[in-house]
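Visitor: Starting from these lines, generate the structure:
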Amino acid sequence: MKIIEAHGARIPSIGLGTYTLEGQTCVDMVARAIEAGYRHIDTARMYGNETEVGEGIRRSGIDRSELFVTTKIWWTDITEPLLVPTARKAVEALGIGPVDLLLIHWPNHEVALEESIDALNEAAEQGLTRHIGVANFTSAMVDEASAMSSRPLVCNQVEYHPFLSQEDVLAACRRNEMAMIAYSPIGQGGEVLGHPVVREAAEHHGKSPAQIVLRWEIEQDMVGAIPRTSNPQRLRENLEIFDFALTEAEHAAITDLTRRRARLVDPSFAPHWDRA
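Guide: Numbers count the residues shown, from 1 in each chain. Alright, predicted model coming up:
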């Protein structure tokens with residue numbers, strides 16, 4: 001497993017995304033993922049499944065120190081009065097001690113960035129998390145937040161796949177020695193995975209199209225991915241990407257697809273995105 005090192009955080013480059021996983025299905029998938037070799041588990045307050053994620057971790061029997069667990073605070077709760085209490089509820093729901101990474105899930109244009117970053121730092125000061133970071137931040141916001149944070153920000157979690165360039169955001173992350181963790185890393189699946197460029201690479205390497213896309217992501221410096229699946233068979237498949245490498249031509253051809261800029265996640269409260 002490739003490890004991304006960012007300001008003392010050691011982030012496994014492939015993690016399990018748990019969005020939409022609920023109840024016993026969530027418990028089972030988290031436990032199975034850990035059994036399959038996952039060491040990075042991602043959840044969020046908004047997902048409503050932190051209790052089940054924690055139960056899955058406990059059921060796995062793995063030592064807590066071997067895992068990297070991330071949770072996120074929703075954009076409505078990132079004010080100074082709300083962020084720390086909300087983070088405490090998240091940690092209590094998980095029931096596995098401090099998280100490894102606490103993120104601001106989305107920026108809030110009605111809350112001063114300095115206020116939310118200060119509150120994020122306070123959560124770390126109170127021992128709720130080992131590291132802090134952000135999600136869905138633009139390149140300018142990454143630079144600004146990094147400059148004002150008393151602790152280093154180790155991650156910006158963003159939508160990233162072969163149909164969406166994040167060139168400017170990735171450059172900002174690298175400037176600030178932060179990881180860029182991709183959610184929706186294979187887009188919505190069908191069109192990305194069916195593209196001739198991806199399918200030809202899959203045939204060449206004897207891999208699935210999803211494995212090709214995940215390999216393309218983790219081959220990039222400081223980039224990781226958190227594919228979400230409810231299919232136990234896909235768990236191992238998503239990890240079996242470390243035994244081959246794309247050719248330079250294959251990697252470049254997939255990167256060229258990102259010029260489509262086909263964003264999937266764009267809620268009304270989203271920031272003004274980078275063009276690239």
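Visitor: Show me the strands in the stretch 51-200 of the chain, by range?
Guide: Applying DSSP state E, counting those that start in this stretch to the stretch 51-200 of the chain gives strands spanning 68-73, 99-104, 129-135, 153-159, 179-183.
Visitor: I'd like the ones you listed written out as CSV, with distance to residue 196 and mean neighbour count added.
Guide: (Each C-beta comes from the backbone N, C-alpha and C, glycine too.) Shown next, in CSV, are those (distance: least, C-beta to C-beta, whole Å; neighbours: other C-beta atoms under 10 Å):
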stretch, distance to residue 196, mean neighbour count
strand 68-73, 35, 26
strand 99-104, 36, 25
strand 129-135, 32, 25
strand 153-159, 23, 26
strand 179-183, 22, 26
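Visitor: Any chance of CSV for those, columns mean pLDDT and distance to residue 23?
Guide: What follows is these, written out as CSV (pLDDT from 0 to 100; distance: least, C-beta to C-beta, whole Å):
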stretch, mean pLDDT, distance to residue 23
strand 68-73, 98, 18
strand 99-104, 98, 21
strand 129-135, 98, 25
strand 153-159, 98, 24
strand 179-183, 98, 22
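Visitor: Could you provide those strands in CSV, with additional columns for distance to residue 270?
Guide: Rendered in CSV, the data for the strands of the stretch 51-200 of the chain read as follows (distance: least, C-beta to C-beta, whole Å):
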stretch, distance to residue 270
strand 68-73, 15
strand 99-104, 13
strand 129-135, 11
strand 153-159, 10
strand 179-183, 14
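Visitor: beta partners for the residue minimising distance to the centre of the chain?
Guide: Per C-alpha atoms, centre = their mean, the C-alpha nearest to the average position across the chain is that of residue 181, at 4.0 Å. Following DSSP bridges, residue 181 is listed with bridge partners residue 157, residue 224.
Visitor: out of the strands of the stretch 51-200 of the chain, nearest to residue 259?
Guide: Across these, residue 259 has its closest neighbour in strand 153-159 (15.6 Å, C-beta to C-beta).
Visitor: quick one: low-confidence ranges for the chain?
Guide: Across the chain, residues meeting the criterion (pLDDT under 70) sit at 276.
Visitor: Ignoring the adjacent residues along the chain, who's closest to the residue of it positioned farthest from its centre?
Guide: Computed with C-alpha atoms, centre = their mean, the residue of the chain farthest from its C-alpha average is residue 204, at 28.4 Å. Taking C-beta to C-beta, 6 or more residues apart in numbering as the measure, residue 204 lies nearest to residue 250, with 7.4 Å between them; neighbours along the chain are not counted.
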